[in-house]
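Novice: Just need the structure, nothing else, for what follows:
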Amino acid sequence: MQEQFSRTTGKQMYLIVTGIRQATCTNCGRCVADCPQGLFSKNNGQVLFHDPIGQCMRCGHCIAVCPENTVIYRSSEPVFENPDTGRPSHNIDEKTLEAFMRSRRSVRQFIQDPLPENIIASVLDAMRHGYGISAVR
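Specialist: The predicted structure follows:
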């Protein structure tokens, strides 16, 4: 697994998902649908988390999409929560999305719905400012 370092502190970051609070989980299945590693599943209508060999990519998608904040995790930094919009799973405006995309990278899963050209142009402009293998622009 690739190590990640904080842009603000320079220290190594970690995000470790350890389970689900069954008492507050509504079993909506958003984590099941969004986990790139398939570590969440549904059994008899109940959402379960199972990662016996440490396959979690630590992307935080399960945390971001959970409407009930029921994913149990340990983190060296707080998970992104914008005071104006709350959790990233809620609809956010273009400028907030741009600011978020300019920050720490994440695993992204895309939908099939077409986007308006002006939003695509804005996202591409924001991506020019992100970090990558090369700083060449």
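Novice: check contacts around the residue nearest to residue 18 when sequence neighbours are not counted.
Specialist: Counting by Cβ to Cβ, 6 or more residues apart in numbering, residue 18 lies nearest to residue 72, which is 5.0 Å off, once chain neighbours are set aside. Yep, even glycine has a C-beta here, placed from its N, CA and C like the rest. Contact partners of residue 72, counting by Cβ atoms under 8 Å, 6 or more residues apart in numbering, are 17-21.
Novice: cool, residue 70 as well?
Specialist: In this structure, residue 70 makes contact with 20-21, 24-26, judged by Cβ under 8 Å, 6+ apart.
Novice: Neighbour-wise, which one of the residues you listed leads?
Specialist: residue 20 (21 neighbours; other Cβ atoms under 10 Å).
Novice: ok, back up a step: redo the contacts of residue 70 as JSON lines? Include pLDDT, secondary structure and distance to residue 100.
Specialist: Supplementary listing: the contacts of residue 70 in JSON lines, determined by pLDDT from 0 to 100; DSSP: H, G, I helix; E, B strand; the rest coil; distance: Cβ to Cβ, whole Å:
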{"residue": "20", "pLDDT": "96", "secondary structure": "strand", "distance to residue 100": "25"}
{"residue": "21", "pLDDT": "96", "secondary structure": "coil", "distance to residue 100": "26"}
{"residue": "24", "pLDDT": "96", "secondary structure": "coil", "distance to residue 100": "26"}
{"residue": "25", "pLDDT": "97", "secondary structure": "coil", "distance to residue 100": "26"}
{"residue": "26", "pLDDT": "97", "secondary structure": "coil", "distance to residue 100": "25"}
